[in-house]
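Asks: Give me a 3D structure for the following:
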Amino acid sequence: TATAAAAAPATTGRAPAPGSAGSKRKEPFRRVKSEEIEVDPRLIDNSYDAVFGGSGWGAKANEDLRVTRGKSFRHEKTKKKRGSYRGGEISQSVNSIKFEDD
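Replies: Residues are numbered from 1 along each chain as shown. You can find the predicted model right below:
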């Protein structure tokens, strides 16, 4: 009897999962399917250059800090704070985007 049990293939006792045909290609689970999402054109490019343009103090700081990663970012940011910026015009404009309720 021990040889008969060893010769039979082992099964888990579970029914096969739905859609688990051997010929189907498996796709990873995606909660949000990118091809079904429509992005507002105002939000496609959210980079500093697209929002504020390429001039001014912020553009220079962004250019320098964009490539800085990790621990050195704090050091470089502090250097920028005590740098040569001496005020200037402070904009009161609003850069928010208002969405309509669906």
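
Asks: Which helix or which strand is home to V51?
Replies: Using DSSP states H and E, V51 sits in helix 48-52.

Asks: cool, V94 as well?
Replies: Using DSSP H and E, V94 sits within no helix or strand.

Asks: Can you show me the CA trace of the helix holding V51 as CSV?
Replies: Taking Å, rounded to 0.1, in the frame of the first residue of the first chain, the C-alpha atoms of helix 48-52 are listed here in CSV:
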residue,chain,number,x,y,z
TYR,A,48,9.3,72.4,-12.1
ASP,A,49,10.2,73.7,-15.6
ALA,A,50,6.7,73.1,-16.9
VAL,A,51,5.0,74.8,-13.9
PHE,A,52,7.3,77.7,-13.2
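
Asks: immediately after that helix, which helix or strand?
Replies: From helix 48-52, the next helix or strand downstream (DSSP H and E) is helix 57-65.

Asks: just to revisit the earlier point, for the helix holding V51, name the packing helices and strands.
Replies: helix 57-65 (3 or more Cβ pairs under 8 Å, 6 or more residues apart in numbering; DSSP states H and E). For glycine as for every other residue, the C-beta is placed from the backbone atoms N, C-alpha and C.

Asks: Thank you kindly, that will do.
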